[in-house]
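Q: Got a sequence here, can you build the structure:
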Amino acid sequence: MLELRDVSAALGGVTIVHDVNLEVADGEIVALLGPSGSGKSTLLRVIAGLVPLTQGAVTWAGQDLSPVPPHLRNFGFMFQDYALFPHRTVGGNVGFGLEMQGVPDDQIAPKVETALDWVGLTGMGKRAVASLSGGEQQRVALARALAPEPRLLLLDEPVGSLDRELRTRLIDELADMLRERELTTIVVTHDQGEAFGLADRVAVMRTGRIVACAAPATLWREPPDEWTARFLGMTNIIDDPQRGRVLVRPEATSIESEGQPVIVESVAFQEGRYRLTVMTPDGQRLSFTTSQPTTTGTEVLIAIDPSGIVDLSGRP
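A: Predicted structure coming up:
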């Protein structure tokens, strides 16, 4: 098990990671999710041993990793830009980490083929890297990280440079492969869909700190504060006379024959449903989807399911 205790780190004299505490169980996939500049990539490099600690400890199975150099931690690292060697073949790239570990030459080729099998690139070891598509290069970088059979896999924005359709497909494939191999993994992403689709738990980072850490369904259902809710794309945050600041989940709002009168401000047809933005009598906006067609400027009656209201009062 990986454990971070009160971890802080600095770059250029500026503290980037502040007092982070995190445990990652064997076989667990944890996503570090946050906006640019939140410290998630720096934290990943701290775990890898590429950025020194200024405070705290990183341990594996109780062993302090501070004196252990990166190449002896047996952690696989996949960089955001893949960092492939253009002068090497696919097989040469995948075998690089094995060479650095001192694996005998006669054992490298079968390990490379096995890693290429894992990522769906069977038989492509002799191909030139420059001849590959973006998705194939992503798989080569992943195979290189997997070939030494690391005890921990660290992925920094593994599909961030690909188009959305390909990203979605590769995230699904990556999730299946990691769970099949029960490989402990930490993945950095700024994309909520990637984090939720891949991870067992999501750790949300803000200004170098973890501000929330929970299973995707829990985090989506009950974000711990208003900033996290807005970062996850939840805009229905209003002032309630009885409860104070609250989040109204979009699925909790519906058009009914009886309810609160609101004015429809906008209507957009999306994936077979109408997405409405409405204005309440006290000047607050709510957005939700409905199957009922309506037009801008009309008055409709809405009802809100109390179970879909999340109390954010007293939270930053």
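Q: What number of residues are in the vicinity of the closest residue to residue 125 other than its chain neighbours?
A: Excluding its sequence neighbours, the residue lying closest to residue 125 (C-beta to C-beta, 6 or more residues apart in numbering) is residue 91, at 3.1 Å. C-beta coordinates here come from the backbone N, C-alpha and C atoms, glycine included. Residues lying near residue 91 (other C-beta atoms under 10 Å) number 21.
Q: on contacts alone, who are the packing partners of the longest helix seen in the chain?
A: Using DSSP state H, we find that the single longest helix of the chain is helix 164-181. Secondary-structure packing of helix 164-181 (3 or more C-beta pairs under 8 Å, 6 or more residues apart in numbering; DSSP states H and E): strand 29-33, helix 134-146, helix 192-198.
Q: re earlier: need the residues that contact the strand or helix carrying the residue nearest to residue 125.
A: Assigned by DSSP states H and E, residue 91 belongs to helix 90-94. For helix 90-94, contacts defined as C-beta atoms under 8 Å, 6 or more residues apart in numbering pick out 84-85, 109, 112, 115-116, 121, 124-129, 132, 140-141, 143-144, 147.
Q: hmm, try it at 10 Å
A: Outside helix 90-94, the residues that touch it by C-beta atoms under 10 Å, 6 or more residues apart in numbering are 82-88, 99, 108-109, 111-116, 119, 121, 123-129, 131-132, 136-137, 139-147.
Q: returning to what we had before: from the helices and strands packed on helix 164-181, which stretch is densest packed?
A: Mean neighbours per residue, mean count of other C-beta atoms under 10 Å, is largest over the helices and strands packed on helix 164-181 for strand 29-33, with a mean of 26.
Q: Using CSV, write out every CA atom in it.
A: Output of strand 29-33 as CSV, limited to C-alpha atoms (Å, rounded to 0.1, in the frame of the first residue of the first chain):
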residue,chain,number,x,y,z
ILE,A,29,-7.1,3.0,-9.0
VAL,A,30,-7.0,6.6,-7.7
ALA,A,31,-7.4,9.7,-9.9
LEU,A,32,-5.9,13.1,-9.0
LEU,A,33,-8.4,15.5,-10.5
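Q: by how many degrees do it and helix 164-181 diverge?
A: Here strand 29-33 points in a direction 140 degrees away from that of helix 164-181 (axes from the mean of the first three to the mean of the last three C-alpha atoms, to 10 degrees).
Q: What residues of whichever helix or strand comes after strand 29-33 count as buried?
A: As assigned by DSSP H and E, the chain's next helix or strand after strand 29-33 is helix 40-48. Using 16 or more other C-beta atoms under 10 Å as the test for burial, helix 40-48 gives 40, 41, 42, 43, 44, 45, 46, 47, 48.
Q: can you pull out the strands in the stretch 201-316 of the chain?
A: Counting by DSSP state E, counting those that start in this stretch, the stretch 201-316 of the chain has strands at residues 201-206, 209-214, 237-240, 244-248, 253-270, 273-279, 285-290, 299-304, 309-311.
Q: which residue is nearest the middle of this protein?
A: When C-alpha atoms, centre = their mean is applied to the chain, the residue found nearest the centroid is residue 195 (2.9 Å).
Q: ok, it to residue 219 distance?
A: 9 Å (C-beta to C-beta, to the nearest Å).
Q: Show me whatever sits in contact with both of those two.
A: Joint contacts of residue 195 and residue 219 (C-beta under 10 Å, 6+ apart) are 33, 201, 202, 203, 204, 232.
Q: Name the nearest of those residues relative to residue 190.
A: Nearest to residue 190 among those: residue 33, at 7.1 Å, using C-beta to C-beta.
Q: Tell me what that closest one is bridged to.
A: On the basis of DSSP bridges, residue 33 is bridged to residue 189, residue 204.
Q: wait, what's in contact with residue 229?
A: Contact analysis of residue 229 by C-beta under 10 Å, 6+ apart lists 212, 219-220, 222-223, 235-237, 247, 249, 310, 312, 315.
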